[in-house]
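Asks: Predicted model and sequence below, questions to follow.
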Amino acid sequence: MAFPRAPGYNNLPNGNFSPVIYSKQVQLAFRKAAVCDAITNNDYFGEIANFGDSVKIIKEPEITVKAYERGTTITPQDLDDEDFTLTVDKANYFAFKVDDIEEAHSHVNFESLSSNRAAYRLADQFDQDVLGYLTGFKQAAISGNANVVNNIVNGTVAVATAGTDELLTSMKLTAADFNAGNAANCVGLKPRASEAVPTAAGVANPLTVIARMGRQLDLQNVESQGRWLVVDPVFVELLKDEDSRLFDSDFGGSGLQNGLILNNLHGFQVHVSNNLPSIGTGPSTTGGTNANNFGMIVAGHSSSVATADQINKTETYRDPDSFADIVRGMHLYGRKILRPEGLVNAKYCLL
């Protein structure tokens, strides 16, 4: 009963004069922005159809240039036809049912609401998995941020020197890359406002880390057009502490727009995501560089990672065991690191 009554007042004692009204306006949950479609390519989208399909990708053959002198006998080289494989080995599904009586008497369309939420959940799981994969981690549990080192190769590695996470060791930034810190530890970040040029082992400014990521890509001859950077909200806060003008529209920033926050920062298009790997207590861990509690940021080129995804099947059918409609759907996809030299990541924590 919504209204209290005075002691001894017994008129309409059950309070049924005040009905409970259910609004037809449903409160929708907030949704995380997905970024993987913006940073990967789908060149092989049309070449997959079923779970277990494989796509063989031929690499450009390397050519040897030799010095020539007059009269030199020319020996043509044999061309290599090296390839690697993208395997479609990921499939997720949803299923729910709505009873006929519930549908007839409900004041909202639960089937439509649930279908919309299911589509978001499939997209979010895809984003978490791909961001973890291209950063070198995998999920310990579905629908969670990647938090375990990836040791499963999708198909075959694109470069022979890549590890079981399909990445190059030289493209992983740690505390060792800044003031000779410990290679096992994450980089301790300190905004420029608090210390212009950190000198402690393993400590750096946020923009210094981003500049180093750009340098690593430059050393690999990665073209400047098409570069992207994905950071998490903790790192974004550090960037704001670094220089608030970075996110002021008068200086080229535009705020959060479907994950994209900056069009050009040290040559990167910057996206923010809550789906990046989080290890231990995550990126907001304070107390200095360490090896167990940190967050990850990752940068690369749009040609570095391919995704091939589709909703393979969505259907509604009658439940054979009750009077209800069952809605189910499956998301089938594959992802492959094509150019590990075009990906660079950094693990970090707070000081």
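Replies: Received, thanks. Residues are numbered from 1 along each chain as shown.

Asks: Now Arg121: phi and psi?
Replies: Per-residue torsions, Arg121: phi -60, psi -40 (degrees, to the nearest 10).

Asks: and this structure, what are its domains?
Replies: The record assigns the chain these domain ranges, following the TED database: 33-136+308-336, 172-305+341-350.

Asks: In CSV, list those along with mean neighbour count, distance to Asn14 and mean pLDDT.
Replies: Every C-beta, even on glycine, is put in place using the N, C-alpha and C of the backbone. As requested, these are arranged in CSV below (neighbours: other Cβ atoms under 10 Å; distance: least, Cβ to Cβ, whole Å; pLDDT from 0 to 100):
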stretch, mean neighbour count, distance to Asn14, mean pLDDT
domain 33-136+308-336, 15, 23, 87
domain 172-305+341-350, 19, 47, 89
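
Asks: Run through the residues that contact the nearest residue to Phe323 once chain neighbours are set aside.
Replies: Spatial nearest neighbour of Phe323, chain neighbours left out: Asp100 (4.4 Å); criterion: Cβ to Cβ, 6 or more residues apart in numbering. Neighbouring residues of Asp100 by Cβ atoms under 8 Å, 6 or more residues apart in numbering: Phe323, Ala324, Asp325.

Asks: In strands, which of these fall?
Replies: Counting by DSSP state E, the contacts of Asp100 place Ala324, Asp325 in strands.

Asks: Same list as before, the domains of the chain that is, but in a markdown table and with distance to Pro7 included.
Replies: Supplementary listing: these in a markdown table, determined by distance: least, Cβ to Cβ, whole Å:
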| stretch | distance to Pro7 |
| --- | --- |
| domain 33-136+308-336 | 37 |
| domain 172-305+341-350 | 52 |
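
Asks: Next, work out how far apart the residue positioned nearest the centre of the chain and Leu173 are.
Replies: In the chain, the centroid-proximal residue (Cα atoms, centre = their mean) is Leu131; its distance is 2.9 Å. Distance from Leu131 to Leu173, counting by Cβ to Cβ, to the nearest Å: 17 Å.

Asks: got the CA positions of stretch 178-194 in PDB?
Replies: C-alpha atoms of stretch 178-194 as PDB (Å, rounded to 0.1, in the frame of the first residue of the first chain):
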ATOM      1  CA  PHE A 178      61.300   2.600 -19.800                       C
ATOM      2  CA  ASN A 179      64.300   3.500 -17.600                       C
ATOM      3  CA  ALA A 180      65.500  -0.100 -17.400                       C
ATOM      4  CA  GLY A 181      62.700  -1.600 -15.300                       C
ATOM      5  CA  ASN A 182      62.000  -5.300 -14.800                       C
ATOM      6  CA  ALA A 183      60.900  -7.000 -18.000                       C
ATOM      7  CA  ALA A 184      58.300  -9.100 -16.100                       C
ATOM      8  CA  ASN A 185      56.600  -6.000 -14.700                       C
ATOM      9  CA  CYS A 186      54.000  -3.600 -16.100                       C
ATOM     10  CA  VAL A 187      54.800   0.100 -16.900                       C
ATOM     11  CA  GLY A 188      54.000   2.400 -14.000                       C
ATOM     12  CA  LEU A 189      52.200   5.400 -15.400                       C
ATOM     13  CA  LYS A 190      52.600   9.000 -14.000                       C
ATOM     14  CA  PRO A 191      50.900  11.900 -15.800                       C
ATOM     15  CA  ARG A 192      53.100  14.700 -17.000                       C
ATOM     16  CA  ALA A 193      51.400  17.100 -14.600                       C
ATOM     17  CA  SER A 194      52.900  15.300 -11.600                       C
END
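
Asks: Looking at the domains of the chain, spot the one closest to Ala160.
Replies: domain 33-136+308-336 (8.8 Å; Cβ to Cβ).

Asks: Show the backbone phi and psi for the residue nearest to Phe323.
Replies: Dihedral angles (degrees, to the nearest 10) for Asp100: phi -60, psi -40.

Asks: Make 8 the starting number, not 1.
Replies: All set: I'll call the first residue 8, so the last point we hit is now Asp107.

Asks: I'm done for today, thanks for sticking with me.
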